[in-house]
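Colleague: Fold the following, please.
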Amino acid sequence: MSESIATRLAALREGLDAELRACGRSPGSARILGVSKKQPAEAIVQAAASGLDAIGESYVQECKAKFAQLPAGLSVEKHFIGHIQTNKAKAIVELFDVVQSVDRIDAARALAKAAQAAGKVLPVLLQLNISPAERFGCPPGEAQALAEAVRSEASLRLDGVMAIGPMTADRAEIQRAFELAAKTFAALGGSTLSIGMSGDWREAVRAGSTMVRIGTALFGERR
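Modeller: Prediction:
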C-alpha cells in the first residue's frame with residue numbers, strides 16, 4: 001500500500017461510519033483499534049498523530065522494546081490482544097491499559113494478582129471461541145462461568161467480549177459467528193464488543209461491534 005497511515009485511517013473511518021449508518025447506528029459508535037504488532041514504533045506515532053486513540057499488540061517482548069521508543073505523553077490506549085501466558089501477567093499489566101484476551105480462569109487470576117500488586121483495576125474482555133479453526137478462546141456456553149470468576153476479582157473490571165471470526169469466504173458463516181458473539185455479549189453485559197478485522201469488519205458492524213481491530217488495512221503489510 002502506498003497511501004499514508006493518515007489517508008488509510010480517514011478512509012477506514014469514512015467506510016465504518018457509512019456501514020454504521022446503513023445499520024441504523026450512529027456514526028462514531030464503533031472505535032478503530034489499530035493492530036500494530038510487527039509494525040515499528042514510528043507507525044504508532046503516525047497513527048496517533050492522525051487521530052487513532054487505541055492500538056492492539058500481541059507479543060510482550062516486542063512491546064517492551066517498542067513502547068520504550070514512543071514519545072513521553074503519547075495519548076494512545078494500549079490493548080493486549082494476544083494469548084495470555086500466566087508467567088507474563090505482570091508484564092502485561094505493566095505495559096497495557098486493557099486486556100482483551102481473557103479466555104480461562106487461571107489467566108484471569110494471574111492478571112488479577114498482578115493488577116492488585118500494581119495497585120490498579122484492569123479492564124478486561126472475555127475472548128470467545130466462535131471459529132472452528134481458532135485455538136484459543138472460551139466456548140460461548142462457558143462464558144457465564146468465566147465472567148463470574150472475573151467479576152469476583154476486585155482488581156479486574158469486565159468490560160465485554162472479544163472474538164475472532166472464522167477464516168472462511170462464506171460471509172453468512174462469518175455473520176452467524178459474530179451474531180453468536182453479540183448474543184453472548186448481550187447476556188454478559190459490558191461496553192465493548194470487539195469483533196471484526198480487516199477482512200470481516202462489515203459483518204461485525206452489522207452484528208453490533210463497538211470496536212473493530214484493523215491491522216493491514218491501516219498500517220500496511222507487517223514487517
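Colleague: residue contacts, the nearest residue to V35 once chain neighbours are set aside?
Modeller: With sequence-adjacent residues excluded and distances taken as C-beta to C-beta, 6 or more residues apart in numbering, V35 is closest to G215, at 3.5 Å. C-beta here means a position set from N, CA and C on the backbone, and glycine is covered the same way. Taking C-beta atoms under 8 Å, 6 or more residues apart in numbering, we find G215 in contact with G34, V35, S36, K37, M197, S198, R222.
Colleague: let's see it at 10 Å
Modeller: Contact analysis of G215 by C-beta atoms under 10 Å, 6 or more residues apart in numbering lists L33, G34, V35, S36, K37, K38, Q39, G56, M197, S198, E221, R222.
Colleague: Show me which of these are buried.
Modeller: When the contacts of G215 are checked for burial by 16 or more other C-beta atoms under 10 Å, the buried set is L33, G34, V35, S36, K37, K38, Q39, G56, M197.
Colleague: Mind putting those into a markdown table with distance to V121 and pLDDT?
Modeller: As requested, these are exported to a markdown table (distance: C-beta to C-beta, whole Å; pLDDT from 0 to 100):
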| residue | distance to V121 | pLDDT |
| --- | --- | --- |
| L33 | 21 | 98 |
| G34 | 25 | 98 |
| V35 | 25 | 98 |
| S36 | 25 | 96 |
| K37 | 26 | 94 |
| K38 | 30 | 93 |
| Q39 | 29 | 95 |
| G56 | 20 | 98 |
| M197 | 28 | 97 |
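Colleague: So which of the residues you listed is the closest to S191?
Modeller: Using C-beta to C-beta, L33 is the member of the buried ones among the contacts of G215 that sits closest to S191, with 13.9 Å.
Colleague: downstream neighbour of whichever strand or helix holds the closest one in the secondary structure list?
Modeller: Assigned by DSSP states H and E, L33 belongs to strand 31-35. Using DSSP H and E, the helix or strand that follows strand 31-35 in sequence is helix 41-49.
Colleague: what's that next one packed up against?
Modeller: Contacts defined by 3 or more C-beta pairs under 10 Å, 6 or more residues apart in numbering; DSSP states H and E place helix 41-49 against helix 5-22, strand 31-35, strand 54-57, helix 60-68, helix 216-219.
Colleague: In it, which residues are buried?
Modeller: Those would be A41, A43, I44, V45, Q46, A47, A48, for helix 41-49 by 16+ other C-beta under 10 Å.
Colleague: just the angle between it and helix 60-68, please?
Modeller: Inter-element angle recorded for helix 41-49 and helix 60-68: 60 degrees (by axes from the mean of the first three to the mean of the last three C-alpha atoms, to 10 degrees).
Colleague: how about helix 41-49 as CSV, C-alpha atoms only?
Modeller: Extracted as CSV, the C-alpha positions of helix 41-49 are listed here (Å, rounded to 0.1, in the frame of the first residue of the first chain):
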residue,chain,number,x,y,z
ALA,A,41,7.0,2.5,16.8
GLU,A,42,7.0,5.2,14.2
ALA,A,43,3.8,3.7,12.7
ILE,A,44,2.1,4.1,16.1
VAL,A,45,3.3,7.7,16.4
GLN,A,46,1.9,8.5,12.9
ALA,A,47,-1.4,6.8,13.6
ALA,A,48,-1.8,8.7,16.9
ALA,A,49,-1.0,12.0,15.1
